[in-house]
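Peer 1: I would like to see how this sequence folds:
(chains A and B)
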There are 2 protein chains.
Amino acid sequence: MNIICNTQKLLDGINIALKAIPGKSTMAILECMVIEAKEGVIKLVSNDLEIGIETIIEGDIKEEGSVAVNAKLLFEIIRKLKLDEIKMNVDGNYVINISDGKSKFNISAKSPEEFPFLPAIVKNDSIVISQFTLKEIIRQTVFSSSDNENTKIMTGELFEIKEDMLKVVSLDGHRISIRKVRLKNSYEDNSVIIPGKTLIEISKILNGGIEDNVTIYFTEKHALFEFDQTIFLSRLIEGDYYKIDKMLSSDYETKLTVNRTEMLECIDRTTTLIKESEKKPVIIDIKDDSMGFSIHSATGSMDEKVNVTKEGNDILIGFNPRFLMDALRVIDDEEITIYMINPKAQCFIKNEDESYIYLILPVNFKS
Amino acid sequence: MNIICNTQKLLDGINIALKAIPGKSTMAILECMVIEAKEGVIKLVSNDLEIGIETIIEGDIKEEGSVAVNAKLLFEIIRKLKLDEIKMNVDGNYVINISDGKSKFNISAKSPEEFPFLPAIVKNDSIVISQFTLKEIIRQTVFSSSDNENTKIMTGELFEIKEDMLKVVSLDGHRISIRKVRLKNSYEDNSVIIPGKTLIEISKILNGGIEDNVTIYFTEKHALFEFDQTIFLSRLIEGDYYKIDKMLSSDYETKLTVNRTEMLECIDRTTTLIKESEKKPVIIDIKDDSMGFSIHSATGSMDEKVNVTKEGNDILIGFNPRFLMDALRVIDDEEITIYMINPKAQCFIKNEDESYIYLILPVNFKS
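Peer 2: Numbering: from 1, shown residues only, chains lettered A, B, ... in the order given. Prediction:
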């Protein structure tokens, strides 16, 4: 292999492919990125067996070939080269010579023979969504997926397509986050569970442009995201997702409208008095047009009132402050509406057309 | 105690006093900051027994008094209050009530009775130096002090005053850093060893203004830095500093002038091939008008040449790349001059008037 590329474009490509390089692996080949120059195209390929990435970089191919090189080392070297153009040349023993014309590196690399290249995917079922929207709905839901591998399905997010509606759901047993977006086209009904980790990694490399699209292909075992010069393949989580519709009652006894930032900052202040291990609830006392927040811990106590517009009953209810804050942080609206039934029942933060719904279970407390 | 202060000014003061709060301490009182309101002055006081800080904050005293409150908790609370003015009120049981008029915190605090207040310092010997210069000379030398407590004296920096010259020295057995600055006035000869940790903390709170001065008072056991509204007291390290004059020969066999950034970036690139544990030297081959850098490790090899202006002999010499980089990073000059004697003898990076001297020992290598 013998290629010439632009330093910055190569670095951008490496940064994308790095997202499928495991932190530590017992298989040295997985810590490698394959550089493949074939039929006029230079590709970087990485695969941690959960996520696989292929990204194309511009460049001149002087001689076709491919090589597997330690990904982090390659990144460190390219990042520190300052001249515009990089030449990479691989000899018969898979020693790779990297030079910007000034620095010359010789690195022992590997044959890509043992590398787990991405499986071929049949591109039938697909949806198209803007990069901006996909990035947003991931940010607005992924925080409430679980990282406990014992409840595997909770570590993923449901992507459910019905005609032109995409519904994304995550839950962890204490809360549910739901985002619905209308797509430009209608599609056949479909529903898959995509690992939360995959979604976090992909949202890091989406450029987030409103005009730039992602095509997502679904197969029985995989979701394939295609965008820019990159394909991003993820395994799906197998199994049936939780039936959540029964929990989404539209009954309520108390309906509040409140300023999101004010409520968020107030709850944030209560957390200064709680140690990570303490699990103290913030107690919310809704009375007439005010929402009182209070916390009592070994460290001290805190009280604050926020103005609200209320319909229905007064209520005294306790929450894990982090669960409220997580939801409040990702909502874009400045005025939010909260629906409560009683101190033992789920509470909802949602907008009129239910394009977002955050369900949070309250916690018991001694009043 | 009952006081009112501006939120931002209080926070600035807390940030300064936090520098003498230990990360963890077996004495709970040391994790406290004392707020003292007396004779029209509000002071924050902290003391980890190595460093003590007193800083004055503006505010109204409604009732004199003092209290010792957990410093990090106080910081977390004040940082999250958004309104401009903060009232603090302490009752007879040392419960402190903190409010910005909206949030109300009640925190259990302590009597300041057991707090180790700063000793009174006799202000005889002193020097005056600009904050800018003090901050610079710390940055340019402190990296080569040692953090090994077994060689206590190496953990400090020599501050030596002779007439109007301040010389600052740090060393760790492999290298010596020296900065000399001319003061505006002449002083009696003096020499003290100030802990490197102290200097790192003080440089974080110096505003660094050229027009703003620091007065440093010296006693047998302490150095007291007085600036802005703050006094910063440090213990001195006892003992005699190393005699370094013998090592500062002005003989050389090779004299080089080289671009600092080019040399720094080149050495930085060699380090991509060395693991922390490996201790591989960078080998420098000076021949005619070029300085060749090369490294060979288990990972691979790297070669690069940099243009230099040379007087004297060719030389092949090895260095710990980190030691060279540490010195090159803190020098302000873009063209630097390096003096070498032979591959076993110390090398010098210094300027004409020797306002900075960096001595670095080479390392052995197999050529």
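Peer 1: buried residues in the helix or strand encompassing residue A:128?
Peer 2: Here residue A:128 sits within strand A:125-130, counting by DSSP states H and E. For strand A:125-130, the neighbour count (16 or more other C-beta atoms under 10 Å in any protein chain shown) marks A:127, A:129, A:130 as buried. For the C-beta atoms, the positions are set from N, CA and C on the backbone; glycine is no exception.
Peer 1: near chain B, from those residues?
Peer 2: With C-beta under 8 Å from any C-beta of the partner chain as the criterion, the buried residues of strand A:125-130 include none near chain B.
Peer 1: Beta-bridge partners for the residue in the stretch 151-300 of chain A that chain B sits nearest to, please?
Peer 2: Closest residue of the stretch 151-300 of chain A to chain B, C-beta to the nearest C-beta: residue A:300 (3.8 Å). Taking DSSP bridges as the rule, residue A:300 bridges to residue B:107.
Peer 1: export the helix or strand hosting residue A:328 as PDB, just CAs?
Peer 2: Assigning secondary structure by DSSP H and E places residue A:328 in helix A:321-330. Extracted in PDB, the C-alpha atoms of helix A:321-330 (Å, rounded to 0.1, in the frame of the first residue of the first chain):
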ATOM      1  CA  PRO A 321     -33.500  15.300  42.400                       C
ATOM      2  CA  ARG A 322     -31.200  13.800  39.700                       C
ATOM      3  CA  PHE A 323     -34.100  12.300  37.800                       C
ATOM      4  CA  LEU A 324     -35.900  15.700  37.600                       C
ATOM      5  CA  MET A 325     -32.700  17.500  36.700                       C
ATOM      6  CA  ASP A 326     -31.800  15.000  33.900                       C
ATOM      7  CA  ALA A 327     -35.200  15.700  32.200                       C
ATOM      8  CA  LEU A 328     -35.200  19.400  32.800                       C
ATOM      9  CA  ARG A 329     -31.700  19.700  31.300                       C
ATOM     10  CA  VAL A 330     -32.700  18.300  27.900                       C
END
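Peer 1: ok, and what's touching it?
Peer 2: Identification of contacts with helix A:321-330 by C-beta atoms under 8 Å, 6 or more residues apart in numbering or on different chains yields A:139-141, A:143-144, A:174-175, A:177, A:260, A:263-264, A:267-268, A:270-271, A:274, A:281-282, A:295, A:336, A:349, A:358, A:360.
Peer 1: and the residue of the stretch 1-150 of chain A found nearest chain B, what does it touch?
Peer 2: Nearest residue of the stretch 1-150 of chain A to chain B, counting by C-beta to the nearest C-beta: residue A:107, 3.8 Å away. Listed by C-beta under 8 Å, 6+ apart, the contact set of residue A:107 reads A:69, A:70, A:73, A:74, A:77, A:95, A:96, A:98, B:299, B:300.
Peer 1: before we move on, back to that, could you point out which of the buried residues of strand A:125-130 is nearest to residue B:40?
Peer 2: residue A:130 (62.0 Å; C-beta to C-beta).
Peer 1: Report the buried residues of the helix or strand residue A:263 falls within.
Peer 2: Assigned by DSSP H and E, residue A:263 belongs to helix A:260-270. Buried residues in helix A:260-270, counted by 16+ other C-beta under 10 Å: A:260, A:262, A:263, A:264, A:265, A:266, A:267, A:269, A:270.
Peer 1: go on, stretch A:165-185?
Peer 2: So stretch A:165-185, judged by 16+ other C-beta under 10 Å, has buried residues A:166-172, A:174-181, A:183.
Peer 1: contact partners of that stretch?
Peer 2: A:127-129, A:133, A:137-138, A:140-146, A:151, A:154, A:156-161, A:164, A:196, A:241-242, A:244, A:247, A:320, A:323, A:326-327, A:354-361.
Peer 1: Using neighbour counts, give me the buried entries of those residues.
Peer 2: Members of the contacts of stretch A:165-185 classed as buried by 16+ other C-beta under 10 Å are A:127, A:129, A:133, A:137-138, A:140-146, A:154, A:156-161, A:196, A:241, A:320, A:323, A:326-327, A:356-361.
Peer 1: Now do the domain split for chain A, please.
Peer 2: Annotated domains of chain A cover A:2-114, A:125-242, A:248-360 [automatic domain parsing].
Peer 1: Start and end of the first one, how far apart?
Peer 2: Start and end residues of domain A:2-114 are separated by 21 Å (C-alpha to C-alpha, to the nearest Å).
Peer 1: Could you pick out the residues of chain A near chain B for me?
Peer 2: Checking chain A against chain B by C-beta under 8 Å from any C-beta, the hits are A:73, A:76-77, A:80-82, A:102-108, A:265-266, A:268-269, A:272-273, A:299-305.
Peer 1: Try it again at 6 Å.
Peer 2: Within chain A, the positions adjacent to chain B are A:76-77, A:80, A:102-107, A:268-269, A:272, A:300-304 by C-beta under 6 Å from any C-beta of the partner chain.
Peer 1: Adjacent strands (with direction) for the biggest strand by length in chain A?
Peer 2: Assignment by DSSP state E gives strand A:175-195 as the longest strand of chain A. Strand A:175-195 has its sheet partners listed here by DSSP bridges as strand A:156-171 (antiparallel), strand A:356-360 (antiparallel).
Peer 1: Taking helix A:321-330 as reference, get the angle to that strand.
Peer 2: Orientation check (axes from the mean of the first three to the mean of the last three C-alpha atoms, to 10 degrees): strand A:175-195 against helix A:321-330 gives 70 degrees.
Peer 1: If you average the pLDDT over strand A:175-195, what comes out?
Peer 2: The average pLDDT within strand A:175-195 is 97.
Peer 1: Show me what the helix or strand just after it is packed against.
Peer 2: The C-terminal neighbour of strand A:175-195 among helices and strands, as given by DSSP H and E, is helix A:196-205. Counting by 3 or more C-beta pairs under 6 Å, 6 or more residues apart in numbering or on different chains; DSSP states H and E, the packing neighbours recorded for helix A:196-205 are helix A:131-139.
Peer 1: Might you report the residue contacts of residue A:255?
Peer 2: Going by C-beta atoms under 6 Å, 6 or more residues apart in numbering or on different chains, residue A:255 touches A:311, A:312, A:339.
Peer 1: hang on, it in a strand?
Peer 2: Yes. Residue A:255: assigned to a strand according to DSSP: H, G, I helix; E, B strand; the rest coil.
Peer 1: quick one: it and residue B:29, what's the gap?
Peer 2: Relative to residue B:29, residue A:255 is positioned 50 Å away (C-beta to C-beta, to the nearest Å).
Peer 1: Could you do residue A:96 as well?
Peer 2: Distance from residue A:96 to residue B:29, by C-beta to C-beta: 60 Å.
Peer 1: Among the two, which residue is more densely surrounded?
Peer 2: A direct count of neighbours by other C-beta atoms under 10 Å in any protein chain shown for residue A:96 and residue B:29 places residue A:96 higher, at 23 against 16.
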